[in-house]
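1. Everything below, folded, please.
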Amino acid sequence: MSKPTYGTYISIVVVVALVTFVTTLLLFNVSERKEEAKEVSFRLADLTEETIDPEIWGKNFPRQYDGYKRTVDTVRTRYGGSEAFQKLETEPALKRIFAGYAFSLDYREDRGHAYMLLDQDMTRRVKEKAQPGACLHCHSSVIPAYRAAGDGDVTRGFEEVSAMPYAEARKLVDHPIACIDCHDPRTMDLRVTRPGFLIGIKNYMRTKGIEDYDPNESATRQEMRSFVCGQCHVEYYFKGERKTLTYPWSNGIRMEEIEAYYDGVGFKDWVHEETGAKVLKVQHPEFELWNQGIHSKSGVSCADCHMPYMRDGAVKISDHHVRSPVLNIARACQTCHPQPERELEARVETIQGRTRGLLDRTEQVLLDLFDAIKEAKRNVASNVSLEKALRMQRKAQFRFDFVAAENSMGFHAPQESARILAEAIDYARQGQVAVLETR
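-> Okay, here's the model as predicted:
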């Protein structure tokens, strides 16, 4: 065996030195990343319950604030997104469906959180129709205004502001939804702040035998990642002469349970201009419909899909660029679903396309029912004889709107959405049969 040469020794020394150097750099990098991961925030501003402006919060949380500012985008998916097009132009049937109500004047697609107060100010529904201050419950960072109006009592202030005319209440707020609405300024813990939700969820949990439920005391962090969204993405109505914003959950949160609540208290949103039916306008029941879907049943929160975790360097945060998961499939969907992006997007669009098809059919049968009732009235049919047909219109229209006003185009609970629209079509046809029976 030949002895190692001088050159061999030099090569070994060089290799060892390189390995040592690379290993040292790697250890330094790991150490730097660990230190970086500790810097999740910066203490540059003092945050209190009166710090409403998100820009001030952004000094301490620049990563999250950067995402929040991006909600100004106007990117559309095939069946949703944040482009403020006029639905009354793309779906002319809506003018008749909401005849006599403010939504027949202006019904635009929702935009991102950054626009929620501006869009409320600009809609013809507010500019041409009297609206209460209750609207600000979900369109603004309103808790300090409640506190001031209630002399420190948020719930009392909530009732006072709800009763104000919109123009008067609007003077009390300056920002759309902001950091303080979902985070404790001292601990940054998630929290529910909206009185409407706190009262509504307490009533709902009572139907399950749980008394005095307070999510801020009892909910898990994963539950809170949905509750903070459910504060506003819900169905509600203005109760009584003081227009107190109320979540109709005393019987439960399923569509039939909400309908039963409205029937029980004799509530109507308006009298339909063409038919005279006492009908309901659904708002945006994402929380209610999501609760009936597979993601909710599997413990997946709203934030998991709409604000998925992301890494900024070594820091892990929730993406505050709140948007459709279809625009962010890699982080919003593929964490749980390893299929290719194109396949996942196709699944979503298949569900939404089928829901859209059912909505189109429901619109048509509603118009058929309107025509049948109007024809009967021209033939001097009495309101008493048309009572069943008008009741069927109320039921059909409520079901149509429960899916149409919900912003996932059926995706949050596909089978539930299809079931609701099937019932809507059935009730509309029953209404037509009821008209025939008056002849």
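
2. The lengthiest helix in the chain packs against which elements?
-> Using DSSP state H, we find that the single longest helix of the chain is helix 341-378. Secondary-structure packing of helix 341-378 (3 or more C-beta pairs under 8 Å, 6 or more residues apart in numbering; DSSP states H and E): helix 93-97, helix 329-332, helix 387-404, helix 414-436. Yep, even glycine has a C-beta here, placed from its N, CA and C like the rest.

3. which of the ones you listed is buried the deepest?
-> helix 387-404 (a mean of 23; mean count of other C-beta atoms under 10 Å).

4. Could you check how far that helix is from the centre of its chain?
-> 23 Å (C-alpha atoms, centre = their mean, to the nearest Å).

5. heads up, I number from 786, so please use that
-> With the count now opening at 786, the last piece we talked about shows up as helix 1172-1189.

6. Can you tell me the closest non-neighbouring residue to Thr1120?
-> Closest residue in space to Thr1120, ignoring its immediate chain neighbours: Pro1093 at 6.9 Å, by C-beta to C-beta, 6 or more residues apart in numbering.

7. what number of residues lie near that neighbour?
-> Number of residues near Pro1093 (other C-beta atoms under 10 Å) recorded here: 17.

8. And Val860, by the same measure?
-> Residues within reach of Val860, counting by other C-beta under 10 Å, total 12.

9. check contacts around the closest residue to it other than its chain neighbours.
-> Once flanking residues are discounted, Val860 sits nearest to Gly866: 5.6 Å by C-beta to C-beta, 6+ apart. When contacts are counted by C-beta atoms under 8 Å, 6 or more residues apart in numbering, Gly866 touches Thr859, Val860, Glu894, Ser1109, Leu1112.

10. Give the ChimeraX command for selecting the buried subset of the residues you listed.
-> Typed into ChimeraX, the next command selects the buried ones out of those (criterion: 16 or more other C-beta atoms under 10 Å):
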select :894,1109,1112
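
11. Out of the contacts of Gly866, the closest to Ala1203 would be?
-> Ser1109 (20.7 Å; C-beta to C-beta).

12. Can you report phi and psi for the closest one?
-> phi -70, psi 140 (degrees, to the nearest 10).

13. Tell me how far it lies from Arg1163.
-> With distances taken as C-beta to C-beta, to the nearest Å, Ser1109 is found 45 Å from Arg1163.

14. Show me which of the contacts of Gly866 has the smallest pLDDT value.
-> Lowest in pLDDT among these is Thr859, which has 79.

15. Pull stretch 858-874 out as CSV, backbone CA atoms only.
-> Provided in CSV are the C-alpha atoms of stretch 858-874 (Å, rounded to 0.1, in the frame of the first residue of the first chain):
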residue,chain,number,x,y,z
ASP,A,858,-57.5,44.7,-3.9
THR,A,859,-60.3,44.1,-6.4
VAL,A,860,-59.5,40.6,-7.7
ARG,A,861,-62.4,38.4,-8.7
THR,A,862,-62.7,34.6,-8.8
ARG,A,863,-65.2,33.1,-11.1
TYR,A,864,-68.1,33.3,-8.6
GLY,A,865,-66.9,35.9,-6.1
GLY,A,866,-64.1,38.2,-5.1
SER,A,867,-64.1,41.9,-4.3
GLU,A,868,-65.0,43.8,-7.5
ALA,A,869,-67.9,46.1,-6.8
PHE,A,870,-70.0,45.4,-9.9
GLN,A,871,-73.7,46.0,-9.9
LYS,A,872,-75.6,42.8,-9.4
LEU,A,873,-78.8,44.4,-10.6
GLU,A,874,-77.2,44.7,-14.0
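
16. chain center to that stretch, what's the gap?
-> Mean-position distance between stretch 858-874 and its chain equals 15 Å (C-alpha atoms, centre = their mean).

17. still on that earlier bit, could you list everything the residue nearest to Val860 pairs with in the sheet?
-> Legend: beta-bridge partners of Gly866 under DSSP bridges are Arg861.

18. Could you check how far it is from Phe1052?
-> Taking C-beta to C-beta, one finds Gly866 at 32 Å from Phe1052.

19. go on, Glu834?
-> Glu834 is 34 Å from Phe1052, by C-beta to C-beta.

20. Settle it for me: which of those two has more neighbours?
-> Legend: neighbour count by other C-beta under 10 Å for Glu834 and Phe1052, higher for Phe1052 (16 against 13).

21. Verify the contact between Ser947 and Thr1031 for me.
-> No - assessed by C-beta atoms under 8 Å, Ser947 is found out of contact with Thr1031, at 9.3 Å.

22. Common neighbours of those two, please.
-> Residues touching both Ser947 and Thr1031 (C-beta under 8 Å, 6+ apart) are Phe1023.

23. Look at these two and report which has more neighbours.
-> Under the criterion of other C-beta under 10 Å, the comparison of Ser947 against Thr1031 puts Ser947 first, with 26 against 21.

24. Next, count neighbours for the closest residue to the more buried one other than its chain neighbours.
-> Spatial nearest neighbour of Ser947, excluding adjacent residues (C-beta to C-beta, 6+ apart): Ala919 at 3.8 Å. The number of residues packed near Ala919 is 25, by other C-beta under 10 Å.

25. now do the one 3 residues further on
-> Burial measure for His922: 24 neighbouring residues, criterion other C-beta under 10 Å.

26. go on, Thr805?
-> Neighbourhood size, Thr805 [other C-beta under 10 Å]: 10.

27. ok, then the element right after the helix or strand hosting it?
-> Element membership for Thr805 (DSSP states H and E) is helix 791-823. Where DSSP H and E defines the elements, the next helix or strand beyond helix 791-823 is helix 839-845.

28. Pull the residues that contact that following helix.
-> With C-beta under 8 Å, 6+ apart, helix 839-845 has contacts from 826-830, 832, 836, 849-851, 853, 960, 963-965.

29. So what's the gap between that helix and the chain middle?
-> Distance, centroid of helix 839-845 to centroid of chain: 24 Å (C-alpha atoms, centre = their mean).

30. ok, and for that helix, which residues are buried?
-> Pro839, Ile841, Trp842, Gly843, Asn845.

31. Relative to Glu1042, which of those is nearest.
-> Of those, the one sitting nearest to Glu1042 (C-beta to C-beta) turns out to be Pro839, at 35.9 Å.
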